[in-house]
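J.: Using only what follows, build the 3D model:
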Amino acid sequence: MIRNFDIGALRTMVVGVELGSFTRAASELGRSQSAISMHIRKLEERAGKPLFTREGRGLKPTEAGEQLLSFARKIIALNDEAAIALGISEVESSVKLGLPQDFFDVVLPETIGEFSSEHDNVHVNVRAGRNFALEEEVHAGRLDVAIAFFPEGSKGHGELIAQMPTFWFAGDRDDGRMIASAKLPLVLYNHPCLFRTNTLKALERSRRLWRVALTTPSLAGVWAGVRALQGVTSRTLYRVPDGIARLSGQADLPPTDPIEVRLLVSDSASPAALALCDVLRTVASRELSPFVSGARAA
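T.: From the prediction side, this is the model:
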């Protein structure tokens, strides 16, 4: 006899794991802590095996728990899509979108605007992701759709949207002293970061001495540090803010490698998430096309 899993309990499981806490899940779902605990017990009774082990103050999914979690996301997505199609949904369908900070000013609002015009009953949960974690988040089902940066030639990692050259940048008030320094001052993202790795690899290849003058976890912080003449950095030409100047080849800095922008989609993506993916692909391709390799190489 096949045992049926309660969708409410499955939803509790998914929300608890994604928030990293079943206490937070109780608040998010508007339920008591005892009701949340009852849901987990109910799932374990149906599964006939433990789904979580205690880790510190939290709970970590067992192997069986991870397996059920993958199915739970698909079951919930299909349930919500069916409810919306029949006009009986009491809650909005939800899709989870991840983007690097580079794309928050234009790609994000244009994507949300175009998607919402056709799917006004879908809630979009947007997360600003550290680039290195976005692919893992999609594979784990914690994100439905994402775009992320990858090294040149990263086949097998989602769908290629654009390949973009990278260049050196300094504050437009720089008089050349930074480039002339015995150790080139750098403004970089905190580790790990693809642009950071790209920059240091180029300097190591050329045996150019360098020092990290400023690190930051935000793109705005990188540009602020460069504008304040703390150092130079390497990025694409996409949406370079005022007060920043691209350094010419005469600056005698080594070329940095191109990067790729790739579209990632979860295996358990719902129809709504796939629709969002289509819009994101169109917007990102349109927005990035002037900055692809060769388009602005001069």
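J.: buried stuff in stretch 222-233?
T.: The neighbour-count criterion (16 or more other C-beta atoms under 10 Å) identifies 222, 223, 224, 225, 226, 227, 229, 230, 231, 232, 233 as the buried residues of stretch 222-233. Every C-beta, even on glycine, is put in place using the N, C-alpha and C of the backbone.
J.: And for stretch 276-295?
T.: Buried-residue list, stretch 276-295, by 16+ other C-beta under 10 Å: 276, 277, 279, 280, 281, 283, 284, 287, 288, 291, 292.
J.: out of those residues, which are inside helices?
T.: Using DSSP state H, the members of the buried residues of stretch 276-295 that fall in helices are 276, 277, 279, 280, 281, 283, 284, 287, 288.
J.: from what I can see residue 199 touches residue 231, true?
T.: No. In this structure, residue 199 is not within contact of residue 231 by C-beta atoms under 8 Å, at 10.6 Å.
J.: Can you work out which residues contact both of those two?
T.: residue 186 (C-beta atoms under 8 Å, 6 or more residues apart in numbering).
J.: From the buried residues of stretch 276-295, pick the one nearest residue 208.
T.: The closest of the buried residues of stretch 276-295 to residue 208 turns out to be residue 291 (C-beta to C-beta; 25.8 Å).
J.: quick one, what contacts that closest one?
T.: If a contact means C-beta under 8 Å, 6+ apart, then residue 291 has 162, 164, 236, 237, 238 as its contacts.
J.: Can you name the two of those residues that sit furthest apart?
T.: It's 162 and 237 that sit farthest apart of the contacts of residue 291, by C-beta to C-beta, at 11.8 Å.
J.: More neighbours: which of the two?
T.: Neighbours per residue, other C-beta atoms under 10 Å: of residue 162 and residue 237, the larger number sits with residue 162, 22 against 16.
J.: if I look at that one, how far off is residue 287?
T.: 9 Å (C-beta to C-beta, to the nearest Å).
J.: ok, now residue 68?
T.: Residue 68 is 39 Å from residue 287, by C-beta to C-beta.
J.: So, low pLDDT: which residues of the stretch 101-250 of the chain?
T.: Applying pLDDT under 70 to the stretch 101-250 of the chain picks out residues 250.
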